[in-house]
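In: how would this look folded up:
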Amino acid sequence: MTRLSVNINKIATLRNARGGNNPDVMRTAIDCERFGAQGITVHPRPDERHIRYSDVMNLKDVVKTEFNIEGYPDDRYMKIIRETKPAQATLVPDGPDAITSNSGWDTLKHASLLKEIIQEIKSNGVRVSVFVDPSPIMVEGAAKIGADRIELYTEPYAHEYHVSKAIAVKPYIESARVAHAAALKVNAGHDLDLNNLRFLVESIPFLEEVSIGHALICDALYYGLENTIQLYLKQCKR
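Out: Just a heads-up that it's a prediction; the model follows:
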């Protein structure tokens, strides 16, 4: 079974819209795990427009499954990783003004930067995943710089899925095979939902984990959080 990590950024966005502590980010993380999620993902941005630094510090003592912290590896992010020592650090290339991640790393162009950062993170006992486009060349680059995993950027898959599922998934299958041959484990995330998730899981070999936030939280407004997580877990079964 592909593991499900729930990104709870949107819970923090809703809380921040009114101030106070409703909805409760900590309570949501605990409930997601109680309802079956195998991990919790956050992406703390410098402007704290959703997950805040204080949230991350509190979550490190709350999350009992797998804590995954995404972010651009600037000094602020590296400080967070050193202080929390999550199970996984997922490195993304987007800058502080990005609304959401919209591309993967060029692991060849940024090889020196990433290699040094990966070594530092791993010295803290933290697994490193590098966010990449579905390109065998970028996957091979991730392996050469010492990554433990890659996270395949799935927005292109989600867009093409409604046109041709077979064409949409093809580069992901190829990239996953290259990753497996290079001893990299494979994660995936971005724009995955109840419509396109199962086909991805069934098609991609060696898919270890998916990280899903926006669509899952939106579905929870209609189906309830517990039921929604169960629905996503069903899609994760091969």
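
In: Would you point out which residue is most central in this structure?
Out: Taking Cα atoms, centre = their mean, the centroid of the chain lies closest to Ser211, which sits 4.2 Å from it.

In: May I have the secondary structure class of that one?
Out: strand (DSSP: H, G, I helix; E, B strand; the rest coil).

In: go on, Ser5?
Out: The assignment at Ser5 comes out as strand when based on three-state DSSP.

In: contacting residues for it?
Out: Contact partners of Ser5, counting by Cβ atoms under 8 Å, 6 or more residues apart in numbering, are 37-41, 66, 68, 209-212. Quick note: C-beta positions are derived from backbone N, CA and C, even for glycine.

In: For those, give me TSV that also has distance to Asn124.
Out: Formatted as TSV, those follow (distance: Cβ to Cβ, whole Å):
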residue	distance to Asn124
Ala37	24
Gln38	22
Gly39	19
Ile40	19
Thr41	18
Glu66	16
Asn68	15
Glu209	20
Val210	25
Ser211	21
Ile212	26
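
In: Could you dump these into a markdown table and include pLDDT?
Out: Below are the contacts of Ser5 laid out as a markdown table (pLDDT from 0 to 100):
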| residue | pLDDT |
| --- | --- |
| Ala37 | 98 |
| Gln38 | 98 |
| Gly39 | 98 |
| Ile40 | 98 |
| Thr41 | 98 |
| Glu66 | 98 |
| Asn68 | 98 |
| Glu209 | 98 |
| Val210 | 98 |
| Ser211 | 98 |
| Ile212 | 98 |
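
In: of all those, which comes closest to Asp193?
Out: Ile212 (7.6 Å; Cβ to Cβ).

In: The closest residue in space to the closest one that isn't next to it in sequence: neighbouring residues, count only.
Out: Nearest-residue entry for Ile212: Leu192, 5.2 Å, with adjacent residues in sequence omitted and distances by Cβ to Cβ, 6 or more residues apart in numbering. The tally of other residues near Leu192 (other Cβ atoms under 10 Å) stands at 25.

In: Mind checking what secondary structure Leu192 has?
Out: For Leu192, the secondary structure call by three-state DSSP comes out as coil.

In: just checking, what packs against the longest helix seen in the chain?
Out: Counting by DSSP state H, the longest helix found in the chain is helix 165-181. Under the contact criterion of 3 or more Cβ pairs under 8 Å, 6 or more residues apart in numbering; DSSP states H and E, helix 165-181 touches helix 136-144, strand 149-153, helix 155-161, strand 185-189, helix 197-203.

In: Mean pLDDT added to the ones you listed, as a markdown table?
Out: Below are those laid out as a markdown table (pLDDT from 0 to 100):
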| stretch | mean pLDDT |
| --- | --- |
| helix 136-144 | 98 |
| strand 149-153 | 98 |
| helix 155-161 | 98 |
| strand 185-189 | 98 |
| helix 197-203 | 98 |
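
In: Include distance to Gln88 when you put these into CSV, please.
Out: Conversion of these to CSV gives the following (distance: least, Cβ to Cβ, whole Å):
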stretch, distance to Gln88
helix 136-144, 14
strand 149-153, 8
helix 155-161, 21
strand 185-189, 8
helix 197-203, 19
